[in-house]
Each structure stands twice: as C-alpha cells, then as structure tokens.
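Engineer: Fold the following.
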Amino acid sequence: MMETQLIIEVLILLILVIVTRVLYLIHKITTGYSRKSEIKRTTPCKILICIGSGGHTTEMLQLIKNINFAKYKPRYYTMAKTDKTSHDKVVNFEKAKEGISSNYTIIEVPRSREVHQSYITSVITTLYSTLYSLPIVLGIMPDVIICNGPGSCVPICVVSFILKCMFIKDIRIVFIESYCRVQTFSLTGKILTYLADNFLVQWPDLKNKLKRAEYIGQLM
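Structural biologist: You can find the predicted model right below:
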C-alpha cells in the first residue's frame, strides 16, 4: 500500500515538474525573452529549413537567398513526399548558390494536413507526422529551424520544443509569417506563437497584433 502511494506521489511530482517546465518555456517565448538569450557562434550553424509547397517554397527560397551559406551548414530541407516541384526548386537553388555541393540534404516527410482536409482527421495525420518527425529531428539535432507557414513544419517544431523541455537540445525556432498574411495570422502562426523563439512578420498590421513580433518589411 505504501509503495503504491509512493509511486502515485512520484508520478504527480513528475507531472508537476513537466507542466512547470512547459509553462516556463512558453512564458519565456511569448514575452520575447528567449530571443534575447543569443550566444555568439564560432562554428557554422546547422540549419533545418521547412519547405511548404507552391508559394511557400518560392517565398522561403527568396527569404534565404542572401544568407551566408558558409555560416549555415550543413543545411537540411524538409518537404512533403509528394512535392516533386519543391524538390526540384531546392536542388536548382542550391546549385545556383553553391554549385555542386554536399552541404545540404533533402528529407521528405508526410503532410500533417492536406488541402481541404477536415480538422478532425487532420488531428490524426498531425500526430502521425509528429511521430515521424521525432527520429528526423533527433538525427539532425539542428541549431536553428526556419519556417514560413506550411502546416508540415508544426510537427517538427513541436518535437523541437519537446527536446527543449527535456533539456536535450535548445533548438531555436524562427517563424516568418507568410507574405500573403497581411492582417491575420495563419493557423500555423497561431500555433507557433507559443513555440517560436523569433516570430517575424512582413506587414505592420500583424506587428500591432502581437507585441513580440518583429516587423521585417516585405521581403518578396
């Protein structure tokens, strides 16, 4: 009887510790404090770039075209398994930027939500995508994740947040709200409000709606 009670008390304590840790990190993120704790790097930054499809892909490649690739390597691109167009765009982008290079890898992941898919069934597919993303993130252990709105980035960011909660790896999440979002946030943006260390917007109206958002102007 005493052993059972002890186990229950330990489990309750463990749950309280986990909840406290999660709430602490969310508070740190939503108040903008996490983006201030930057460490000057002396080695290249391992970066994971979440590619959407169509306009999201074009926008992301436009956003990263001017970064110094010597400082961001190796680079990992994640995209939907069925998105062959984005695959070709990334390959051509890397060739134009670096020529023949082995500093990047393309990883295909299942979509967390298809276009016009119901929200009820998308819960199941999102859970599957999250489990699928776990070994990917653990295998890469990126320093930074950058995304701009596709739903496929949510599972990856959730896994990264869990790793942060567990003191395994402090992965910085940088979210850039899509250019087409002028006055309202996307569903992905609403979720990553609580997970992204840096939340960037391209229109002033969105900056006014989220105090910690960083207005970077129209980059397209």
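Engineer: Next up, the contacts around the nearest residue to Met79 once chain neighbours are set aside.
Structural biologist: Of all residues not flanking Met79 in the chain, Ile51 sits nearest, at 4.1 Å (CB to CB, 6 or more residues apart in numbering). Backbone N, C-alpha and C define where each C-beta goes, glycine included. Neighbour list for Ile51: Thr57, Met60, Tyr77, Thr78, Met79, Asp83, Ser86, Val90, Pro150 [criterion: CB atoms under 8 Å, 6 or more residues apart in numbering].
Engineer: make it 10 Å
Structural biologist: 57, 60-61, 77-80, 83, 86-87, 89-90, 106-107, 109, 147-148, 150, 152-153 (CB atoms under 10 Å, 6 or more residues apart in numbering).
Engineer: Pull the number of nearby residues for Tyr132.
Structural biologist: 15 (other CB atoms under 10 Å).
Engineer: Please verify my assumption that it contacts Val109.
Structural biologist: Yes: Tyr132 lies in contact with Val109 (CB atoms under 10 Å); the separation is 6.2 Å.
Engineer: okay, and the common contacts of the two?
Structural biologist: Residues touching both Tyr132 and Val109 (CB under 10 Å, 6+ apart): Pro155, Ile156.
Engineer: now Thr58: how far from Ser86?
Structural biologist: Separation of Thr58 from Ser86 (CB to CB, to the nearest Å): 9 Å.
Engineer: So for those two, which sits in the more crowded spot?
Structural biologist: Ser86 (23 against 15).
Engineer: Leaving out the residues flanking it, which one is nearest to that one?
Structural biologist: Distance criterion CB to CB, 6+ apart; nearest residue to Ser86, sequence neighbours excluded, is Thr57 at 4.3 Å.
Engineer: All good on my end, thank you.
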